[in-house]
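> Here is the input, now give the coordinates:
(5 chains)
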Amino acid sequence: MIVATLALLLALPPLIWAAAMFDRIGTGRGAIVMGPIRNGAALMLRPNTETEAPDRLNRLLAPGWYLALALVGLSVVPLAPGIVATDLSTGLVLWGACEALTVVVVFLHGWSPNAPLPLIGAYRYVAIGLPAMLLSMFVLIGAALPAESLSVVEVVEAQRGLWNVVRQPLGLPLFMALGLAITLRGPFDYADGAELAGGTSAEESGPALALWQFARASMLVAFSAMAAAAFLGGHLGPVLPGPVWLLLKTLAVMAATVAAGRFFARMPPARMLTFLWVVLLPLSFVSLALVGVEVLE
Amino acid sequence: MTLLSALARRAEIPVFAVIGTRGLGLAESLRRRPGLRLVDSPRHARVLLVAGAVDGAQKQALERLHAQLPAPRGTVWWQAEPLFARGEVVTGDDPMPAIRAAASADDPDQRPDVPPHPWQGIGPHGHGGRGMMGGNPYGRPMAMTADDIRDGLALDAYSARFGPFLPMLPPGLALDLTLQGDVIVSADVASAPFEQGPQGDAPDLCAARMLRLMGIGPIAARARGALLALPQGSGMRRRLAAWLRGEQVSETPDPLPAALPGLEWAEAVLWLASFPPSRLRAACMERHAA
Amino acid sequence: MTQIAMPIVVTLLAVVFAVAMQRIGPQTGATWPQRAPFLGGGQPETHAWQRFHVRYYPMTLLFIAFEMEMMFMYPWAVVYVETGLTALAEMGMFLGILSVGILYGWREGVFRWQ
Amino acid sequence: MTDALFLALSALAIWSGWRVFRVDSMVRASFQLMVSFIAVGLIAVLLAAPYIGIATIFMMAVEMMVMALFMVMFMMNPAGLNPMVMVHQHRFSVAAGSLAFAGLSAAVLLSDLPVRPVPEGAEVVRDLGHELLGPSMLIFETAGVTLLATMIGAVVLSAHSGRYGASDAGSRPPGLTPGGAPAGRKPEGGGGHHHHHHGGH
Amino acid sequence: MTLVSVLIVAAALIGIGLYGALSQQSFVMLMMGLELMLNGAILAVIGFWAFSLGGAPEGQLLAIIVMAVMAVEMAVGFALVVAVYRKRQADMTESLKTMRH
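Numbers count the residues shown, from 1 in each chain, chains lettered A, B, ... in the order given. Just a heads-up that it's a prediction; the model follows:
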């Protein structure tokens, strides 16, 4: 338990660095490896900005909560057989709780500066974040069916014969929609989009902004590790040791998520809301029904 | 600290670009330049770059923006007449040396340090407010209820001047908007967009501006998914498709005070970006003349 | 106890880390113009905090009723394989009933901005 | 260790429950209540109910998010920029609250509670699943119907724009006689007056 | 951690919730009080289930039902608030009384 936690805390900074590098590829500005670190250092040396009558406490804590949720979500992912930081028999539900609280934290981040653009971003995000979370719950339950358990450890073990991505081909893409939503990117980035000049972080500067980006990247890592565990067999794989497999799969999901975020355009929120409820949610029902029938055979 | 400073020395300079007359092309040319990064909010910036001439009427707005960059901050005037005596002036094509110089400058404040309304010491707790909604708590009054145009729930209306240098609006356009939630309830043009010349109407530049608001690049847009993401029936799809094919668009929008109310923020911003700057300017000027 | 020890510990770690990092930078007092909300040079008349018109409020009500089904689905998933077809049929019925609610909401336009 | 954690979480649950009615900002009030729920959820995990505990956190995070949206929407001065007190019958309420606490505590302390702890290693989630699909199947399906009724009721009450346009536009009860004036209370405003006048003659 | 201590914490939550439900003028704040009381109820149910019911699954089911009640209460309550506000521009409990005509 303690070993796993330490391993996670050690692995997180390099993975966050990798996430920042993925974000830089294709922007045409070079310095892919060192750029994120330098920019982060420069931000740390800038001052925080005050706003008029902000909610100081929530503004100070929001990046920390976001980071905490990423860490708690990450802690239910087993690194190798028997090595997991939080061995909870309802790990999938805990992950779901982290998703739900992410919506709360992003809302608080946008609410606390008392400024119009962050406020609009916060409210739009809640509209999209809530149904997106529903979606992920259905596909994760689909992953739990063959394991007959809500423990992520069991979910991974149940994939020894067949990975869930084969059993439930719709699951991973639908889960990635949630990944895009909770990591505030691409088509689901209703909180921090360009049409709000940075949305919930439009009023942040210096360390507060750097930490928000840091937490956002760690949420990407947590989401990718969870996706790897639930759909790609986690630490299972031939020849290489388990943690290495998990690392490779996590990096693959991270790259795919970043690419998906660049590829799909952001719709106006009302359109996206209808799309989520009327197209994606029924799709997740279908995905669950298919895996249900498949498991019984 | 020294490690951080060493790393930070070679970081990209975050620049907030204020776009003036014929400045759109200038600012776009910087977007992929190594060594700097154009940011969407002055809070994220180190340097304020004024690209293209800015009307003297916008001096106060520019000073307010200047104040919103966290200190220390620097200013660069690129092919622009300085409106206040700070920062570097560049007349040529390459602002990079000046931006680098500005990145180590420390401009003093332009605006006086006074709250928007006097409030200190007023009210039972000295917070400037009275009763439940009254007074100017912390220097500003609270929003009041007003009728809504959509669903009949009369909640608070937020009135403010948006622009003229808001990055998602066409440069120079200042709108007096009243919002309920994120829906525009009423709109008025306070100042028309700046003249951008024929360069501002270039299809690739216009398409890039619009796609940036949708969070994708031009390569992803070729897959036509970008068009499906736009609302139907507003002509946005048609205009973006034309730009992506490399054709000019010459539609003139309806007058903004009539067209904007009832639109959601995201729709309104995309709708404004779906017109070439020259046509938008024409639509706003007509109204001013009338 | 051991199950929730690590989540609590990492939460505390993350929050302390984030607060400490925000405190090490230069702490300067901001002037009033600097603190004004960013509106591209424009100014607001009032505070941004207001009775915010949440345009999607019927959707949130539909959502909290629908989300309740999750509470039943998790235990269902655990015993699904043992119970077999009965479980499939029962949950099919349950979700079917709730889907009627979504369909109804859609036809009433609750997913649009009110 | 478990006892210390229990005490800390209990203190957190009660303190944040109390703060709900003491903070000025409605957003803070909602999320204080959420913190109280999270503390109770964690206590439930300590009490060997890992599913109910974590699911409480999950559900309440969402519900309190919605709560915050509505609080801000309908409360005057939602951010508490002007400090405010909006209470009535304050003394009576304090007395009632204390009395409830004292009464319940006394009942707990005085009664002889049976002791049958959860057996070690019991698979509580599996039991719950069997219960849901077996003996309590009817409860489960009834919950489905109740939730459907809630959804429809909430939409009918709250939504303004329906399939046929605004919900309060042009709706008038039928007349008591064919072609007569609409029955029931007269709507306020000019239209109602007109009909009243017409019906009077 | 004994049943008595758990139940006393639950009683405290119910007491605070009752205070809130009785004292708050605004309808949404009143609902916060109700939620806090139900919070105490959930804790009491789980406490009983863990210490006195020997882990009988009905105890957990009861906790779920309490949560479902909460969800229903919230959905219908807020829908009512919206309906009343649309008519009256007020969300005070007093104004609900005048809804009757």
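
> What segments of chain E are helices?
E:3-23, E:27-51, E:57-88, E:93-97 (DSSP state H).

> what does the domain assignment say about chain D?
D:1-79, D:124-167 (automatic domain parsing).

> Can you tell me which of these has the worst average pLDDT?
For the domains of chain D, mean pLDDT drops lowest on domain D:124-167, to a mean of 80.

> Once you drop chain neighbours, what's closest to residue 128?
No chain specified, so I'll use chain A. A:Tyr190 (4.9 Å; C-beta to C-beta, 6 or more residues apart in numbering or on different chains). Heads up, the C-betas are built off the backbone N, CA and C, glycines and all.

> that answer is for a different chain, and I need it for chain B
B:Trp119 (2.7 Å).

> B:His127 is in contact with that neighbour, correct?
Yes - using C-beta atoms under 8 Å, B:Trp119 is in contact with B:His127, at 7.3 Å.

> Need the residues touching each of the two.
Taking C-beta atoms under 8 Å, 6 or more residues apart in numbering or on different chains as the criterion, B:Trp119 and B:His127 both touch B:137-138.

> Can you get me a residue count around the closest residue to A:Ala147 other than its chain neighbours?
Spatially, and ignoring its direct neighbours in sequence, A:Ala147 is nearest to A:Ala158 (3.7 Å; C-beta to C-beta, 6+ apart). A:Ala158 has 21 neighbours, counted by other C-beta atoms under 10 Å in any protein chain shown.

> A:Ala158: what's it in contact with?
A:146-149.

> So which of those residues belong to helices?
A:146-147.

> Turn the contacts of A:Ala158 into CSV, columns for neighbour count and pLDDT.
As requested, the contacts of A:Ala158 are arranged in CSV below (neighbours: other C-beta atoms under 10 Å in any protein chain shown; pLDDT from 0 to 100):
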residue, neighbour count, pLDDT
A:Pro146, 23, 88
A:Ala147, 23, 88
A:Glu148, 19, 87
A:Ser149, 22, 88
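
> Surely B:Val183 touches C:Tyr56?
No - contact between B:Val183 and C:Tyr56 fails when scored by C-beta under 8 Å: they sit 11.3 Å apart.

> more crowded one of these two?
C:Tyr56 (26 against 23).

> who touches the nearest residue to that one once chain neighbours are set aside in this structure?
Distances taken as C-beta to C-beta, 6+ apart put A:Ala127 closest to C:Tyr56, at 4.6 Å, once the chain neighbours are dropped. Taking C-beta under 8 Å, 6+ apart, we find A:Ala127 in contact with A:190, A:269, A:273, C:55-56, C:59.

> Does A:Ala127 lie in a helix or a strand, and which?
Element membership of A:Ala127, judged by DSSP states H and E, is helix A:116-147.

> can you pick the most crowded of the contacts of A:Ala127?
A:Tyr190 leads the contacts of A:Ala127 on contacts (other C-beta under 10 Å) with 31 neighbours.

> burial count for B:Ala241?
B:Ala241 has 17 neighbours, counted by other C-beta under 10 Å.

> Checking the closest residue to it other than its chain neighbours next. Helix, strand or coil?
Nearest non-adjacent residue to B:Ala241, counting by C-beta to C-beta, 6+ apart: B:Leu227, 5.9 Å away. Of the three states, B:Leu227 takes helix under DSSP: H, G, I helix; E, B strand; the rest coil.

> Please report how far B:Leu227 lies from B:Val249.
Separation of B:Leu227 from B:Val249 (C-beta to C-beta, to the nearest Å): 14 Å.

> These two - which one has more neighbours?
B:Val249 (20 against 15).

> Test my guess that the more buried one contacts B:Ala207.
No - taking contacts as C-beta under 8 Å, B:Val249 lies outside contact range of B:Ala207: 9.8 Å.

> what's the overlap in contacts for these two?
The contact lists of B:Val249 and B:Ala207 share B:Trp243, where a contact means C-beta under 8 Å, 6+ apart.

> quick one: contacts for A:Ser75?
A:4-5, A:8, A:84-86, C:6-7, C:10.

> Nearest to chain D, out of those: which one, please.
Within the contacts of A:Ser75, the smallest distance to chain D is 8.8 Å, found for C:Pro7 (C-beta to the nearest C-beta).

> That'll do, ta.
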